[in-house]
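Participant: Structure of the sequence below:
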Amino acid sequence: MKDYIVRAAAADGAVRAFAITSKELTEQARSFHQTSPVITAALGRLLAAGAMMGVMMKGEKDLLTLQIMSDGPAKGLVVTADAFGNVKGYPKVPDVELPANAMGKLDVGGALGSGILRVVRDMGLREPYIGTTQLQTGEIAEDLTYYFASSEQVPSSVGLGVLIDKDCSVRQAGGFILQLMPQAGDEVIEQLERNIKSLRPVTDMLEQKDTPEKMLERLLQGLSMEITDRIEARFACQCSRDRIRKALASIAENDLRSMIDDEEPVEVKCQFCNTAYSFDTEELKELLASR
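Facilitator: A predicted model of the protein is given here:
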């Protein structure tokens, strides 16, 4: 199954919902960064959330960034997404190893520890919108649920999951975001609470071959769900040799001269996809001359 996002509405517009299957893009991130299982799970959860939150935006050039900065061994994560299902991300520490938590699951909360979640929406205005909240559990889904309620005043339910196979590859990944609009009445809220209470974990649903549509059917049972959009999701990095060259050309002249004086090639790696770009001394001289 290819990765994709489903957008839906229910209860005459009183509820909006998103669901994603993100196994392929999470596996791609794992391959790029050679992450340990607990970091694969953490990054995969944030990638799924970022992709869904990205398609909530409307502008063609709008960009969303999710940043987790924490004091645990993982130190944090960064994910960036646009409005078209393109998402990318990287861990600050890719190879954290921890014992399972009390439930026998990968200890994402222990890997992240305490810290903050920052959501940056760049919509082409003079200043981007920035919302910041404290991490509540480090399990990411709960932290985003808290973020939506406290920073955006939108009652929400977020479910995210990544299942790792025995060979450390990604077996399943996906999630959902459910949000109440201001017109939602008590009956709608009570029905949603019943549905969420009976819902199985995201990875269990994916293991049972539930599609994003089926996940939303379970979440929105009894509320007249209408699918409004299906969007392909993918790990997409826009780095290129030309972009890296322009970045090098913009650094301080003294730093560029120092690189040239070393008479050694300079290698620059993209943080998001780990692609390495090498520039020899002659290329660096050309960059300096072009300034």
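Participant: Ser114 is in contact with Ser70, correct?
Facilitator: Yes - the pair Ser70 / Ser114 is scored as a contact, 6.3 Å apart, by CB atoms under 8 Å. Just so you know, the C-beta spots here come from the backbone N, C-alpha and C atoms, and that holds for glycine as well.
Participant: Tell me the secondary structure at the residue nearest the centre of the chain.
Facilitator: The centroid of the chain falls nearest to Leu47 when counting by CA atoms, centre = their mean (2.3 Å). Following DSSP: H, G, I helix; E, B strand; the rest coil, we place Leu47 in the helix state.
Participant: helix or strand for the residue of the chain positioned farthest from its centre, which one?
Facilitator: Within the chain, the residue lying farthest from the chain centre (CA atoms, centre = their mean) is Asp261, at 40.4 Å. If you go by DSSP states H and E, Asp261 is part of helix 253-262.
Participant: Can you tell me how far Lys2 is from Arg230?
Facilitator: Counting by CB to CB, to the nearest Å, the separation of Lys2 from Arg230 is 11 Å.
Participant: Looking at these two now, which is surrounded by more residues?
Facilitator: Set Lys2 next to Arg230 and count neighbours by other CB atoms under 10 Å: Arg230 wins out with 13 against 10.
Participant: isn't there a strand covering that one?
Facilitator: Yes - checked against three-state DSSP, Arg230 lies within a strand.
Participant: Ala8 is in contact with that one, correct?
Facilitator: No - with contact defined as CB under 8 Å, Arg230 does not reach Ala8; the gap is 9.9 Å.
Participant: quick one: common contacting residues for Ser70 and Ser114?
Facilitator: Leu135, Gly138 (CB atoms under 8 Å, 6 or more residues apart in numbering).
Participant: more neighbours, those two?
Facilitator: Comparing Ser70 with Ser114 by other CB under 10 Å, the one with more neighbours is Ser70, at 20 against 12.
Participant: Which helix or which strand is home to Arg245?
Facilitator: Assigned by DSSP H and E, Arg245 falls in helix 241-249.
Participant: Show me the contact partners of that helix.
Facilitator: Leu256, Val266, Val268, Cys270, Tyr277, Phe279, Glu283, Leu284, Leu287, Ser290, Arg291.
Participant: Which of the residues you listed sits closest to Pro37?
Facilitator: Cys270 (23.6 Å; CB to CB).
Participant: Identify the residue nearest Asp3 in space, chain neighbours excluded?
Facilitator: Ala233 (4.2 Å; CB to CB, 6 or more residues apart in numbering).
Participant: Tell me, how many residues neighbour the one you found?
Facilitator: 28.
Participant: ditto for the one 5 residues further on
Facilitator: Gln238: 12 surrounding residues under other CB under 10 Å.
Participant: now it: how far from His33?
Facilitator: 17 Å.
Participant: what do you get for Met69?
Facilitator: 18 Å.
Participant: swap in Leu180?
Facilitator: The gap separating Leu180 from His33 is 35 Å, by CB to CB.
Participant: do Gly89 as well
Facilitator: 9 Å.
Participant: Then Arg218?
Facilitator: Taking CB to CB, one finds Arg218 at 32 Å from His33.
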